[in-house]
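Asker: Below: sequence and its predicted model.
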Amino acid sequence: MPFEAVIGLEVHAQLKTKTKIFCSCSTGFGAPPNTHVCPVCLGMPGVLPVLNKKVVEFALRMALATGCSIAGVSRFARKNYFYPDLPKGYQISQYELPIAEHGFVDVAVNGGIRRIGITRIHMEEDAGKLVHDPGQPVSRVDFNRTGVPLIEIVSEPDIRSPEEAGAYLRQLRSVVRYLEICDGNLEEGSFRCDANVSIRPRGTQALGTRTELKNLNSFKHVEKALQYEIGRQQELLADGGQVIQQTRLWDADKNQTFAMRGKEQAHDYRYFPDPDLLPLEIDAQWTERIRRELPELPAAKKKRFMDAYALPAYDAGLLTSERELADYYEACLGFFPHPKIVSNWVMGALLGLLHTQGKSIDQSPVSAEGLAQLLQLVEDGVISGKMAKSVFEEMAATGKPAGKIVAEKGLVQISDGQALEAVVEKILADHPEEVVAYRNGKTKLLGFFVGQAMKVTRGKANPKLINEILKQKLE
């Protein structure tokens, strides 16, 4: 019997506030263990939490960007469980009354658009970090991360494939980065997700028994883990077995999921309203101000790039995947208004260089204006496209402008018609047999003659002009 997957994702995005959600400790990453802590985030007796207003603002930005309904009143709750990295014995989160519900994200998959519903967005504090000692059987606890603000974005079970899950996560990451509320760093754990997956006979509506997948720290791992788990559940059911509701860990080295523990239900956490925090009332005027201040979001920017610059969907999607990349592209267009030429260079030479060097677009060694100047030299016929690639590499390595590199290396393209005509005439005179063969129908020999011209001029001849002169002389 054919099955279909039913997938829901719980995404945790660490908010880019300077201080924690309920105290003034720093949220900076990489500090020595247990240095960004205080009695509040360590859960000492008698301390009281004070809500960070910036956390609420960032949560509202995400809620508005994903079309959610904003709750006029929301509450914080205590999620009770015991684990060594949870100093209070409970996590402050939201449960019955979250700050936002019923939103959506549209993702492009297989040439179409899929709308993935968002059940809720709520605020909560992060737990600490367990550091396992590889040399001895002990674990240590670093509480620096305790109390760092998070929003949890819970999707509806609308995702039907690992590819859709990957597309949804990439789109969410792009949105939080555009909003400047989260850096989206998967390696540092500031953007991470758990996946809930079940399968059911295709065409039915009842949900199957689900498993929760953890330890997913890259888009590739999410897709691979889901693919494995879907296959595992299909084999179980095909063999007459049953899927057990449990939490499973993804092992990236073995490309397998392993049982970790039985999956908890909400009642296992004994949620109740936090008595130390008042209900949160959101002022409608504040919400509207935040709405007006939202930036142009990835989907809208992609559509604009396609409409205004006549770019293919692939180009527009890639160029708008990062806000900084889109800004670089449009800055370059401001100096060199040829959209497709610029997109080809940005997606090809520039992103290739940045990938090789492990840099982001805001660390580019070639500025948008510098790239535009290089492309203008090609457009003006000063250098060829082939020359431009070597000039670009030199620009990246030295920081010199394109014009100076061209002048220093004597790379100016020969576009003098009379000089190139003389070159062509000599080449044709030196190869009479090839000339006869061309005129008898072997037109592919045109490439041979172009090659000879480039060889004689050491690659400086204008290829377009050489082609024109050759065709004229060979008629």
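Answerer: That came through, no problem.
Asker: Could you give the number of residues near Ser26?
Answerer: Neighbours of Ser26 under the rule other C-beta atoms under 10 Å: 15. (Glycine included, C-beta is placed from N, CA and C.)
Asker: any idea how far it lies from Lys53?
Answerer: Relative to Lys53, Ser26 is positioned 17 Å away (C-beta to C-beta, to the nearest Å).
Asker: Ala31 too?
Answerer: In terms of C-beta to C-beta, Ala31 sits 24 Å off from Lys53.
Asker: buried stuff in the lengthiest strand in the chain?
Answerer: The longest strand of the chain (DSSP state E) is strand 112-125. Neighbour-count burial for strand 112-125, counted by 16 or more other C-beta atoms under 10 Å, picks out 114, 116-125.
Asker: Can you tell me the strand partners of it and which way each runs?
Answerer: Using DSSP bridges, strand 112-125 pairs in its sheet with strand 100-109 (antiparallel), strand 149-155 (antiparallel).
Asker: With respect to burial, which of the ones you listed scores highest?
Answerer: strand 149-155 (a mean of 24; mean count of other C-beta atoms under 10 Å).
Asker: Tell me how many other residues surround Leu374.
Answerer: Neighbourhood size, Leu374 [other C-beta under 10 Å]: 26.
Asker: mind listing what it touches?
Answerer: If a contact means C-beta atoms under 8 Å, 6 or more residues apart in numbering, then Leu374 has 366, 388, 391-392, 395, 402 as its contacts.
Asker: Just checking the distance from the host helix or strand of it to the centre of its chain.
Answerer: Here Leu374, judged by DSSP states H and E, is contained in helix 368-379. Computed by C-alpha atoms, centre = their mean, to the nearest Å, the chain-centroid distance of helix 368-379 equals 27 Å.
Asker: moving C-terminal of it, what's the next helix or strand?
Answerer: From helix 368-379, the next helix or strand downstream (DSSP H and E) is helix 385-398.
Asker: May I have that following helix as CSV, with CA atoms only?
Answerer: Included here for helix 385-398 are C-alpha records, laid out as CSV according to Å, rounded to 0.1, in the frame of the first residue of the first chain:
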residue,chain,number,x,y,z
GLY,A,385,34.9,38.3,-21.0
LYS,A,386,37.8,35.9,-20.6
MET,A,387,40.2,38.7,-19.6
ALA,A,388,37.6,39.9,-17.1
LYS,A,389,37.7,36.6,-15.2
SER,A,390,41.4,36.9,-14.6
VAL,A,391,41.0,40.6,-13.7
PHE,A,392,38.3,39.7,-11.2
GLU,A,393,40.6,37.2,-9.5
GLU,A,394,43.3,39.8,-9.3
MET,A,395,40.9,42.3,-7.9
ALA,A,396,39.9,39.8,-5.2
ALA,A,397,43.5,39.0,-4.3
THR,A,398,44.9,42.6,-4.3
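Asker: For the next helix or strand after that helix, give me every contacting residue.
Answerer: Counting by DSSP H and E, the next helix or strand C-terminal to helix 385-398 is helix 402-409. Applying C-beta under 8 Å, 6+ apart, the external contacts of helix 402-409 come out as 370, 373-374, 377, 382-383, 387, 391-392, 394-395, 398, 400, 411-412.
Asker: Now the buried members of those.
Answerer: Here, 16+ other C-beta under 10 Å leaves 370, 373-374, 377, 382-383, 387, 391-392, 394-395, 411 buried among the contacts of helix 402-409.
Asker: Can you pull the poorly scored residue ranges out of the stretch 151-300 of the chain?
Answerer: Applying pLDDT under 70 to the stretch 151-300 of the chain picks out residues 263-266.
Asker: again, 80 this time
Answerer: 215, 261-267 (pLDDT under 80).
Asker: quick one, strands of it?
Answerer: Assigned by DSSP state E, counting those that start in this stretch, the strands in the stretch 151-300 of the chain fall at 191-201, 211-216, 246-251, 256-262, 272-273, 280-281.
Asker: any chance of those in TSV, plus distance to Gly184 and mean neighbour count?
Answerer: Below are the strands of the stretch 151-300 of the chain laid out as TSV (distance: least, C-beta to C-beta, whole Å; neighbours: other C-beta atoms under 10 Å):
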stretch	distance to Gly184	mean neighbour count
strand 191-201	5	21
strand 211-216	15	20
strand 246-251	20	18
strand 256-262	25	14
strand 272-273	32	14
strand 280-281	26	14
